[in-house]
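# Fold the stuff below for me.
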Amino acid sequence: MSQPSRLIIATRASRLALWQAEHVRGRLLALYPHCAVELLTLTSRGDQILDRTLSKVGGKGLFVKELENALLDGRADLAVHSLKDVPIDLQASFELCAMLERADPRDAFVSNRYGALRDLPEGAVVGTSSLRRESQIRARYPHLVVRPLRGNLDTRLAKLDAGGYDAIVLAAAGLERLGLAQRIRAVLDVEESLPAAGQGALGIEIRADRDDARAWLAPLASARTTACVTAERTVSRTLGGSCQVPLGAYATSDGTSLHLRALVASADGTRVLHAEGSGPATQAESIGAAVARELLDKGASSLLAELPAHD
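Have a look, this model is predicted:
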């Protein structure tokens, strides 16, 4: 296989997205030391619209559209994403060619006054941009007030520090990647807050016709993470998952077998359906489909039908 002489990575402009792109750049330089690896920094619609929740402005696709345009017109060879931000059904022109080894997939509790969700008094305000987090918080702590929180990581922390919220819930991996682990007061156990499909993992997207790029990027892929995330995203795909759906899916694997748990909830958290399944890691997609069918058998369709359409 010929080695690349130049690779351009499309990335969003947020500090976390740039960290992720630089991380992939470093991995590529280690593989191909004579390759010029450059970043193309773009601003997405998801970064521009901060006054409404994602579920009301078009969903996760807002974060990837500009990067995909750069792949299509040849300005970039690859795009780096947080996998939880990547729509389940990519257009046929694109593919996720590599899923890197996963960081901590759990949610993190961040507060300047309290040590954990259970410590918050009645009426305390918790900020989150995620219907998945919101529904699980409401289910366990109905005495709390959950309010939308948009913006990049630094913006969300600034809103907490300004006193607009008593606590906020964020992805632990993002805080750790930016050297902000000291802001984490508690990491939420998956029993308390089941992660989003793909949370904590990075995905590399390319144009589907780029056989050369697929071969160059293949060494970055983690087989274990790929199996886990495939199972998780299959649940989401089967249920029509998007950021308009309060859906969690989290798989673990020892490299041979895989265990998957998933949930779907009503937006207000009054109904939460759980399912889980296990099997060979090579059957990740089948396990995901089986767990999704169990959720449907338990009544997930009626929960999903009750969700309001986004604006």
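# Pull out the buried positions in whatever helix or strand L217 lives in.
For L217, the host element (DSSP states H and E) is helix 211-217. Going by neighbour count (16 or more other CB atoms under 10 Å), the buried part of helix 211-217 is 213-214, 216-217. From N, CA and C alone the C-beta is placed, and that goes for glycine too.
# Alpha carbons of the helix or strand just after that helix, as PDB, please.
Sequence order places helix 223-238 as the next helix or strand after helix 211-217, per DSSP H and E. Taking C-alpha atoms only, helix 223-238 is exported to PDB below (Å, rounded to 0.1, in the frame of the first residue of the first chain):
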ATOM      1  CA  ALA A 223     -12.000  -3.700  17.000                       C
ATOM      2  CA  ARG A 224     -13.500  -3.800  20.600                       C
ATOM      3  CA  THR A 225     -14.800  -0.200  20.400                       C
ATOM      4  CA  THR A 226     -16.100  -0.900  16.900                       C
ATOM      5  CA  ALA A 227     -18.100  -3.900  18.100                       C
ATOM      6  CA  CYS A 228     -19.500  -2.100  21.100                       C
ATOM      7  CA  VAL A 229     -20.500   1.100  19.100                       C
ATOM      8  CA  THR A 230     -22.000  -1.000  16.300                       C
ATOM      9  CA  ALA A 231     -24.300  -2.700  18.800                       C
ATOM     10  CA  GLU A 232     -25.300   0.600  20.400                       C
ATOM     11  CA  ARG A 233     -25.900   2.400  17.100                       C
ATOM     12  CA  THR A 234     -28.000  -0.600  15.800                       C
ATOM     13  CA  VAL A 235     -30.300   0.000  18.800                       C
ATOM     14  CA  SER A 236     -30.600   3.600  17.900                       C
ATOM     15  CA  ARG A 237     -31.100   2.900  14.200                       C
ATOM     16  CA  THR A 238     -33.800   0.300  14.800                       C
END
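# packing partners for helix 223-238?
In terms of contacts (3 or more CB pairs under 8 Å, 6 or more residues apart in numbering; DSSP states H and E), helix 223-238 is packed against strand 94-99, strand 247-253, strand 257-265, helix 284-297.
# Give me the contact list for it.
Outside helix 223-238, the residues that touch it by CB atoms under 8 Å, 6 or more residues apart in numbering are 83, 88-89, 99-102, 197-198, 201, 203, 241-242, 245, 247, 249-253, 255, 258, 260, 262, 281-282, 284-285, 287-289, 291-293, 295-296.
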